[in-house]
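Novice: can't give you the sequence, but here's the structure:
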């Protein structure tokens, strides 16, 4: 066994490589490959842009549809709240009507009316001496009826003239 002070090799351990010669066909292939790679990268970027644009459009459409759905739900909720309020108002007014009907029934009895008239209004039942009788056979209002008929005739005359002219 050989013991060396250092465990590495001094110098180059590679084989003798062959040098590439400038070949025009090889350079043309290299340029074509380079152009095709650039073209492929450009198409890939365009495809990514289209995909991003499509994804953005889908996201925007979902956002708009979400907003429309929420807006519609809010409208439904407000209509339901209004309906609930109207129903409670109807019940409240119905209860008030029932209590008013009961009060009318209590107040409309003849005994209640008589008691109220005598106590609160100071009315009394008229006696034979308090009654005044009049003769209603004569027509006291005949003059007023003739005046009204005269004004109606004037109006009908004006109406006839108006119809004739127009």
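Specialist: Received, thanks. This structure is a prediction, so every number in the text was calculated from the model and none was measured.
Novice: burial measure for residue 54, as a count.
Specialist: 10 (other Cβ atoms under 10 Å). Placement of C-beta: from N, CA and C, glycine included.
Novice: ditto for residue 81
Specialist: 10.
Novice: how close does it sit to residue 87?
Specialist: 11 Å (Cβ to Cβ, to the nearest Å).
Novice: do residue 108 as well
Specialist: 31 Å.
Novice: and what of residue 134?
Specialist: 57 Å.
Novice: higher neighbour count, these two?
Specialist: Using other Cβ under 10 Å, the more surrounded residue of residue 134 and residue 87 is residue 87, with 10 against 6.
Novice: how much space between the more buried one and residue 78?
Specialist: Taken as Cβ to Cβ, the span from residue 87 to residue 78 is 15 Å.
Novice: same thing with residue 72?
Specialist: In terms of Cβ to Cβ, residue 72 sits 11 Å off from residue 78.
Novice: and the pLDDT at the residue most central in space within the chain?
Specialist: For the chain, the residue nearest the mean C-alpha position is residue 75 (4.0 Å; Cα atoms, centre = their mean). Residue 75 is assigned 96 on the pLDDT scale.
Novice: what does the one 10 residues further on give?
Specialist: The predicted local distance difference test score for residue 85 is 96.
Novice: tell me which element it falls in.
Specialist: helix 24-107 (DSSP states H and E).
Novice: that helix packs against which elements?
Specialist: In terms of contacts (3 or more Cβ pairs under 8 Å, 6 or more residues apart in numbering; DSSP states H and E), helix 24-107 is packed against helix 110-119.
Novice: ok, and what's touching the helix it packs on?
Specialist: 106-107, 123-124 (Cβ atoms under 8 Å, 6 or more residues apart in numbering).
Novice: repeat that with 10 Å
Specialist: 105-107, 109, 123-125 (Cβ atoms under 10 Å, 6 or more residues apart in numbering).
Novice: closest to residue 159 out of those?
Specialist: Using Cβ to Cβ, residue 107 comes nearest to residue 159 of the contacts of helix 110-119, at 48.6 Å.
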